[in-house]
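In: No sequence on hand, only this structure:
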């Protein structure tokens, strides 16, 4: 059974709530970019408080017998002492969407198709179940709130079925409703990711399904309205395709402060981060020849943070807010939580992450988990 952690200590909670949110955005021009050498360092997230796994036993209250041999009782498997952990004992987390209250999130389990509402001190609650086929990297891999969620309470998900990959709309208490169907599925690269443009359009990153017809909807970044129709402003008014050239996308993130949108992709010889532009995506804005398994991402102010499943880390790129040129990079949380995948930004600037340690990793008894971390501080000094 999935479990939730107890409350964050007051001092940590105050620190976590210190930075505000920036929202989603649209696309900048595609001017020249300048890149700096990669820097690896501890960074702001390197100091996440860690609770020791073993503590000295304390004396029992008066009248209660002391444990035999002075050994405290074993914790339950789903209890995680880390104050950053919100929920435990989930199936591998495919996607996260943080609700407007900032303390609750909707979480997609990739293999089961379940959408769960999670919050601290509350057992996860089932919101919906999407019928999925998780083979070939598919399943339930994308999740995003409607741009008018406060009024309509709608949620969009990217799902793999036995017939295709598709976008479905979820209203709590009702069966999922197909919005965009017919995205090719294949033996591999069936996963996708979702985002929301500043005008409320859906951004849909689709895998190439192992080499689907280039004229199909596979291997594209699509931009559609709430009914799956091509959004106004696409390069071809009759087509949902905004950009092409994706292989196995892991995340889409947008930045209201800079009007930049980004998409991560796992290609044959390297992992990449693309700055989204209409048309073909073109050269990568950043690449990882070591292929760390780029997944979900968040973008805020002068930072793009990319979850990495293979490397088990959060890779932080600092950008010039005017040019989107990268000025420094940092590797955060290496090996702390294992394989990181889903990423989402809360309205208070906190970063929510999901793990996939049951999916190719080395799970601990409390996996898979959802955790919430302080935002990466902006305005720090650039390092060449």
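Out: Done, it's in. What you are looking at is a predicted structure, and each value in this text was computed from that prediction instead of being measured.
In: quick one: residue 325 and residue 319 touch, right?
Out: Yes - at 6.6 Å, residue 325 counts as touching residue 319 under the criterion of CB atoms under 8 Å. C-betas here are computed from N, CA, C, even on glycine.
In: more crowded one of these two?
Out: Ranked by neighbour count (other CB atoms under 10 Å), residue 325 and residue 319 place residue 319 first, with 25 against 17.
In: Just give me the neighbour total for the nearest residue to that one once chain neighbours are set aside.
Out: Leaving aside its sequence neighbours, residue 319 sits nearest to residue 302 (CB to CB, 6 or more residues apart in numbering; 5.2 Å). Neighbourhood size, residue 302 [other CB under 10 Å]: 23.
In: Residue 344 versus residue 302, what's the distance?
Out: Look at residue 302 and residue 344: by CB to CB, to the nearest Å, they are 19 Å apart.
In: What segments of the stretch 101-250 of the chain are strands?
Out: Assigned by DSSP state E, counting those that start in this stretch, the strands in the stretch 101-250 of the chain fall at 104-109, 114-119, 122-129, 140-145, 154-160, 165-171, 177-183, 192-196, 202-206, 220-224, 241-244, 249-255.
In: Adding mean pLDDT, distance to residue 261 and mean neighbour count, write those strands out as CSV.
Out: Below are the strands of the stretch 101-250 of the chain laid out as CSV (pLDDT from 0 to 100; distance: least, CB to CB, whole Å; neighbours: other CB atoms under 10 Å):
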stretch, mean pLDDT, distance to residue 261, mean neighbour count
strand 104-109, 98, 21, 25
strand 114-119, 98, 24, 21
strand 122-129, 96, 27, 16
strand 140-145, 98, 13, 27
strand 154-160, 98, 17, 26
strand 165-171, 98, 18, 23
strand 177-183, 98, 19, 17
strand 192-196, 97, 7, 26
strand 202-206, 98, 7, 29
strand 220-224, 97, 9, 26
strand 241-244, 96, 9, 24
strand 249-255, 96, 5, 28
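In: Just the pLDDT at the residue nearest to residue 319, thanks.
Out: Here the pLDDT value assigned to residue 302 is 90.
In: in terms of contact, does it touch residue 321 like I think?
Out: Yes - applying CB under 8 Å, one finds residue 302 in contact with residue 321, separated by 4.9 Å.
In: shared neighbours of those two, anything?
Out: Common contacts of residue 302 and residue 321 (CB atoms under 8 Å, 6 or more residues apart in numbering): 257-258.
In: which stretches of the stretch 251-384 of the chain form strands?
Out: Under DSSP E, counting those that start in this stretch, the stretch 251-384 of the chain gives strands at 260-266, 271-275, 279-280, 286-288, 294-300, 303-308, 313-319, 326-332, 340-345, 351-355, 370-373.
In: Touching the fourth one from outside, list them.
Out: For strand 286-288, the surrounding residues in contact (CB under 8 Å, 6+ apart) are 35, 270-273, 294, 315, 317, 326.
In: Which members of the residues you listed are classed as buried?
Out: 271-273, 294, 315, 317, 326 (16 or more other CB atoms under 10 Å).
In: Report the central residue of this protein.
Out: residue 343 (2.0 Å; CA atoms, centre = their mean).
In: can you pull the contacts of that residue?
Out: Neighbour list for residue 343: 96, 251, 253, 295-298, 305-307, 351-354 [criterion: CB under 8 Å, 6+ apart].
In: of all the strands of the stretch 251-384 of the chain, which lies closest to residue 361?
Out: Closest to residue 361 of these is strand 351-355 (CB to CB; 7.7 Å).
In: Pairing partners for the closest one, with directions?
Out: strand 340-345 (antiparallel), strand 370-373 (antiparallel) (DSSP bridges).
In: Helix or strand with the lowest mean pLDDT in the protein?
Out: Within the chain, no helix or strand scores below helix 10-16, which has a mean of 36 by mean pLDDT, DSSP states H and E.
In: now for the helix or strand just after that helix, which elements pack on it?
Out: Using DSSP states H and E, the helix or strand that directly follows helix 10-16 along the chain is strand 85-88. In terms of contacts (3 or more CB pairs under 8 Å, 6 or more residues apart in numbering; DSSP states H and E), strand 85-88 is packed against strand 3-4, strand 114-119, strand 370-373.
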